[in-house]
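Novice: attaching a predicted model along with its sequence, questions to come.
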Amino acid sequence: MMQSEVCVGRLDTLLDRLADDFRAEAERATDRRGFFAVALPGGSVAVHGFSALAALPLHWDRVHFFWVDERAVPPSDPESNYGVAHTAWLEPARVPPQSIHRMSADSPDLASAAVAYGQELTRVLGHPARLDFVLLGVGPDGHVASLFPGHSALSDDRRMVVPVVDAPKPNVRRLTLTLPVLAGAERVVFMALGEPKAAAIHEAIEHRDSPLPMALVLRRAARSLVLVDEGAASRMGKHRC
Ligand code: 6PG
């Protein structure tokens, strides 16, 4: 049965809730399979959330880090999702390099890089590859990872990772996990920060047949949590943490 919870609050409340959830899910996964496999976003969630998560007292050598998407930039570029995570989380938490699975979206051959990332997921997680914790930001248009509304990547149910060469926001070239991989995770946590997200959040949560990427993941995920700040919740009904 699907279990979804929506929590509206100030940023500090949301970050506490995110950290508690991450810790509980890490313990659950480690008890079950001996490690915890997570996939990270970029954007405001990375900027605001990662240092709080890095401070958790976890066994970081038992956590595998993947990404939900990546832009076609080298790891040292300020736009790199890997780069933000490295500075705010992986380096301070001293995560061992063999647990870090960077998406090589800076490869000139994005199609091969997508296949290779799918193989890496299967190598580490087995077949079918199931992530334990997917963390997603939400765009003002309701996109998650690099799955944009109406884009053909959104309906790819066959591949695990796909290239996007025409994203409607910079950087236009990206790699992204697909809907089945995102929604198939043991736990999916969305975090939406800021008033520009209000219309998308309202639609994804209140309209059960919405075609927005966030709504599609939310409907397919078995256990999800939606963390929304007061700006992003300004068009929603009543929900509290
Ligand atoms: C990316 C992200 C992307 C992000 C949303 C929301 O690399 O662009 O993974 O999916 O999470 O665009 O970004 P903001 O939280 O910055 O609005």
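Specialist: Done, it's in.
Novice: which other helices and strands contact the helix or strand bottoming out on mean pLDDT in the chain?
Specialist: The helix or strand of the chain with the lowest confidence, counting by mean pLDDT, DSSP states H and E, is strand 3-8 at a mean of 91. Judged by 3 or more Cβ pairs under 8 Å, 6 or more residues apart in numbering; DSSP states H and E, strand 3-8 is in contact with helix 11-33, strand 223-228. C-beta coordinates here come from the backbone N, C-alpha and C atoms, glycine included.
Novice: that one pairs with which strands, and in what direction?
Specialist: Sheet pairing of strand 3-8 (DSSP bridges) gives strand 223-228 (parallel).
Novice: in CSV, list the C-alpha atoms belonging to the least confident helix or strand of the chain.
Specialist: Listed next in CSV are the C-alpha coordinates belonging to strand 3-8 (Å, rounded to 0.1, in the frame of the first residue of the first chain):
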residue,chain,number,x,y,z
GLN,A,3,2.2,5.7,2.1
SER,A,4,2.7,9.4,1.5
GLU,A,5,3.2,12.1,4.1
VAL,A,6,3.3,15.8,3.5
CYS,A,7,5.1,18.1,6.0
VAL,A,8,4.9,21.9,5.8
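Novice: how far does it sit from its chain's centre?
Specialist: Relative to the centre of its chain, strand 3-8 is centred 16 Å away, using Cα atoms, centre = their mean, to the nearest Å.
Novice: could you list the buried residues of that strand?
Specialist: Neighbour counts using 16 or more other Cβ atoms under 10 Å place 6, 7, 8 of strand 3-8 among the buried residues.
Novice: residue 64: which of the residues you listed is nearest?
Specialist: Set against residue 64, the nearest of those by Cβ to Cβ is residue 7 (26.2 Å).
Novice: so that closest one touches residue 224, yeah?
Specialist: No. Using Cβ atoms under 8 Å, residue 7 is not in contact with residue 224; the gap is 11.2 Å.
Novice: re the thing from before, out of the helices and strands packed on strand 3-8, indicate the one that is most buried.
Specialist: strand 223-228 (a mean of 22; mean count of other Cβ atoms under 10 Å).
Novice: chain center to it: distance?
Specialist: With Cα atoms, centre = their mean as the basis, strand 223-228 stands 12 Å off its chain's centre.
Novice: contacts with the ligand among the buried residues of strand 3-8, please.
Specialist: Cross-checking those against the ligand (Cβ under 6 Å from any ligand atom) gives no overlapping residues.
Novice: ok, residues contacting the least confident helix or strand of the chain?
Specialist: 13-14, 17, 205, 218, 221-230, 233, 236, 239-241 (Cβ atoms under 8 Å, 6 or more residues apart in numbering).
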